[in-house]
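Enquirer: fold the following.
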Amino acid sequence: MARVLIAEDDPNTMKLLNWRMQSMGHETISAIDGGKALDMATKEKPDLILLDILMPVMSGVQVLRKLKSQDETKNI
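Expert: Residues are numbered from 1 along each chain as shown. Take a look at the predicted model:
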């Protein structure tokens, strides 16, 4: 079982992705904007991140670049 961070600002899409990942046996954690996604990824160290591109605070691309630039998150 993997721990999956789902970063998505649309509630319906978030609900669908959570349901799908959990139905496959994975644990999920959620973030509704790019800033929260970055914080959660840094603190929680998930196995996988599903990252929306267009989000408030920081775009998915900005979050990805920041995660890849940090030693503790670059391998997620």
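Enquirer: now do the longest helix seen in the chain: distance to the chain's middle.
Expert: The longest helix of the chain (DSSP state H) is helix 11-23. Averaged C-alpha coordinates place helix 11-23 at 12 Å from its chain's average position (CA atoms, centre = their mean, to the nearest Å).
Enquirer: which elements pack onto it?
Expert: Judged by 3 or more CB pairs under 8 Å, 6 or more residues apart in numbering; DSSP states H and E, the packing partners of helix 11-23 are strand 3-7, strand 27-31. Where C-beta positions appear, they are placed from N, C-alpha and C, glycine not excepted.
Enquirer: need these in CSV (columns: mean neighbour count and mean pLDDT).
Expert: CSV is the format used below for the helices and strands packed on helix 11-23 (neighbours: other CB atoms under 10 Å; pLDDT from 0 to 100):
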stretch, mean neighbour count, mean pLDDT
strand 3-7, 22, 98
strand 27-31, 18, 98
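Enquirer: out of those strands, flag the one nearest residue 39.
Expert: Smallest distance to residue 39 across these (CB to CB): 7.7 Å, for strand 27-31.
Enquirer: how about the helices and strands packed on helix 11-23, which one is nearest residue 58?
Expert: Closest to residue 58 of the helices and strands packed on helix 11-23 is strand 3-7 (CB to CB; 9.6 Å).
Enquirer: pull the residues that contact the closest one.
Expert: For strand 3-7, contacts defined as CB atoms under 8 Å, 6 or more residues apart in numbering pick out 14, 17-18, 21, 26-31, 33-34, 36-37, 40-41, 44, 46-52, 55, 60, 63.
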